[in-house]
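>>> Curious how this folds, go ahead:
(one chain, ligands or ions: 2)
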Amino acid sequence: MFHILVADPISDEGLDVLLASENVVTKDTELTPDELENRIAQFDALLVRSQTKVTRSVIEKAENLKIIGRAGVGVDNIDLEAATEHGIIVVNAPNGNTNSAAEHTMAMIMALSRKIPQAHLALKNQKWERSKYVGVEVKNKTLGVVGLGRIGTEVAYRAKGQRMNVIAYDPFLTEEKAEKMGIQYGTFADVLKEADYITVHTPLMKETRHMISTDAFRQMKDGVYIVNCARGGIIDEDALYDALVSGKVAGAAIDVLEEEPFQDHKLLNLPEVIATPHLGASTVEAQENVAIDVSQDVLNHLTGDLVKNP
Ligand code: NAD
Ligand code: MLT
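Numbers count the residues shown, from 1 in each chain. Ligands and ions are numbered 1, 2, ... in the order given. Here you go, the predicted model:
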């Protein structure tokens, strides 16, 4: 019998998978970092989403921990190096929220283009400002996709459905694959130069932190639109702010921020910025999928079976 701590909210369906096992499941989604450090030693498995930061100091106190499960894709809230050093396996649920994140990205692109959040807010404030909210069409515009993995690929197909041209950059993309998908293959510089909209879908890593920088903005078209439904930190927020204020960037749609939750973020004070509070994977379907997938993988590991998503 193992002790499993669920430290972030996961769907009931995922919890049911754990509860149906012989193990002791503790759900405590309100732990402070100190409380997590103080209690972690008693657990064999830890399940998180993105709120809980599984730092080196948590891992150093986790003397019985065998596995950390991430109900979602990004594992940037987990110190992987420390986990590996301590022989703790980290598993995620990479497939369950792809569709939701891609749909959210397309919703953001459309809302940004037609200024729907701004017009909605004005109307809710009893202001009929029809001429103020003239938008642009996406048809025949070029969408630059940086990171053509699971979500980037789904976004590319959906954008083609909106009759956009798509150019993508990914170190693993080949010209053959791009041709097969009916999109243009490009370098990072090509994407920056040719796109009317740029959407990022890479993981957050050393190599991708601030890859959309002041220098990258300089290479973009005037009036470009920027979308980030991947991870805060891929875009340098100060550089984005300056590019918006100068008019280089016409608008930005942001689902993720470098610091979440934030305190009075300057980007959110700009009218050209539309935003959601990290909702890319917040659908009933995605949360059910990732919670079930990760719970099954945690149980697999605890019972000595192979895990699917190490
Ligand atoms: P994925 O691993 O399938 O795709 C990531 C792609 O980025 C890969 O193809 C990889 O080759 C590419 N890549 C890596 N380094 C790159 C670089 N320097 N330049 C260009 N491409 C690079 O991941 P995914 O499932 O598509 O997720 C993408 C991102 O979306 C992740 O950051 C994930 O955490 C995030 N995400 C956010 C939400 C949300 O709620 N907003 C939901 C799901 C996923
Ligand atoms: C992810 O990486 O899967 C996303 O951030 C979704 C989430 O956990 O909310």
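>>> tell me the SS of the residue in the stretch 201-310 of the chain positioned nearest to ligand 2?
Across the stretch 201-310 of the chain, no residue is closer to ligand 2 than Ala281, which sits at 3.5 Å (CB to the nearest ligand atom). Yep, even glycine has a C-beta here, placed from its N, CA and C like the rest. Ala281 falls in the coil class when you classify it by DSSP: H, G, I helix; E, B strand; the rest coil.
>>> likewise the one 10 residues further on?
When states are read from three-state DSSP, the local structure at Ala291 comes out as helix.
>>> Neighbours of it, how many?
Counted with other CB atoms under 10 Å, the neighbours of Ala291 add up to 28.
>>> And the strands in the protein, which stretches?
For the chain, applying DSSP state E gives strands covering 3-6, 24-27, 45-48, 67-70, 89-92, 142-146, 165-169, 184-185, 197-200, 224-228, 249-254, 273-275.
>>> which one of these is the most hemmed in?
Mean neighbour count (mean count of other CB atoms under 10 Å) peaks for strand 67-70 among the strands of the chain, with a mean of 28.
>>> circling back: could you tell me how many residues sit around the residue of the stretch 201-310 of the chain closest to ligand 2?
Residues within reach of Ala281, counting by other CB under 10 Å, total 27.
>>> Can you tell me how far Asp293 is from ligand 1?
Separation of Asp293 from ligand 1 (CB to the nearest ligand atom, to the nearest Å): 13 Å.
>>> And the residue nearest the centre of the protein?
Centroid-nearest residue in the chain, with CA atoms, centre = their mean: Ala230, separated by 3.2 Å.
>>> who touches that one in this structure?
Gly147, Ile151, Val200, His201, Thr202, Pro203, Leu204, Val256 (CB atoms under 8 Å, 6 or more residues apart in numbering).
>>> Just the closest residue of the stretch 101-250 of the chain to ligand 1, please.
Taking CB to the nearest ligand atom, the stretch 101-250 of the chain has Gly149 as its residue nearest ligand 1, at 1.8 Å.
>>> Could you pull up the residues touching the residue lying closest to that residue once chain neighbours are set aside?
Once flanking residues are discounted, Gly149 sits nearest to His201: 6.3 Å by CB to CB, 6 or more residues apart in numbering. By CB under 8 Å, 6+ apart, the residues touching His201 are Thr105, Val145, Val146, Gly147, Leu148, Gly149, Ile151, Gly152, Val155, Cys229, Ala230.
>>> same check, this time on Glu259
Counting by CB under 8 Å, 6+ apart, the residues that Glu259 touches are Gly232, His265.
>>> Model confidence score at it, please.
With respect to pLDDT, Glu259 scores 93.
>>> I'd like the distance between it and Gln42.
30 Å (CB to CB, to the nearest Å).
>>> wait, doesn't Val298 sit right on Val48?
No. If you go by CB atoms under 8 Å, Val298 and Val48 don't touch, sitting 11.1 Å apart.
>>> Next, show the common contact partners of these two.
Gly69.
>>> Quick check: phi and psi on the spatially closest residue to Glu258 that is not a sequence neighbour?
Counting by CB to CB, 6+ apart, Gly232 is the residue found nearest to Glu258 once chain neighbours are left out, at 4.1 Å. Torsion angles at Gly232 (phi, psi; degrees, to the nearest 10) stand at phi -60, psi 140.
>>> quick one: contacts for Gln184?
Gln184 is in contact with Asn165, Val166, Ile167, Ala168, Ala178, Glu194, counting by CB under 8 Å, 6+ apart.
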